[in-house]
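Enquirer: Return a 3D structure for these sequence lines:
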Amino acid sequence: MGDEQFEPDLRALHAAADELPLDDVVRLLGNPHTRSVLVSLHDNPAATLEELADIVAAKDASETGTITAPSDRHRIRLWLYHSILPRLEDLGFIAFDTETKAVTDTDIPDAVSDALGVTDPE
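Expert: Next up, the predicted model:
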């Protein structure tokens, strides 16, 4: 899943998520941090905010060839907590417990997983 090459099949997303606002789904998938979170949740559907922040920060550092500073991780953690995870919860993709800071349930539509290239082989 290369971020610069990300081109989801909008028809497949629209057909699979007919009850979801397509613009919101596409907007979220347009964000590389959101894609990293969704891919991570596909592999580990019961992640914590801390784990997700570590994963996103590590992916950023890997792509830029830098070392993640604590301030970078803190910024990502705040963004996940206040923006990405609530939006994913609003769409029904996850349940996020703000007290325990844990993703307690995932229901990521197959079309989204397919678009991210993380569909389980059958």
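Enquirer: use CA for all of it now, contacts and neighbours both
Expert: Noted.
Enquirer: Any idea which helix or strand in the protein has the lowest mean pLDDT?
Expert: helix 10-16 (a mean of 62; mean pLDDT, DSSP states H and E).
Enquirer: Now the element after that helix, going C-ward?
Expert: Going down the chain from helix 10-16, the next helix or strand is helix 22-29, by DSSP states H and E.
Enquirer: any idea how far the helix or strand following that following helix is from the chain center?
Expert: Next along the chain after helix 22-29, taking DSSP H and E as the criterion, comes helix 32-43. Centroid separation for helix 32-43 versus its chain: 4 Å, with CA atoms, centre = their mean, to the nearest Å.
Enquirer: mind listing the helices for the protein?
Expert: Counting by DSSP state H, the chain has helices at residues 10-16, 22-29, 32-43, 49-64, 70-79, 85-90, 110-116.
Enquirer: Could I get the buried residue list for the shortest one?
Expert: Same thing as helix 85-90. Leu85, Pro86, Arg87, Leu88, Glu89 (16 or more other CA atoms under 10 Å).
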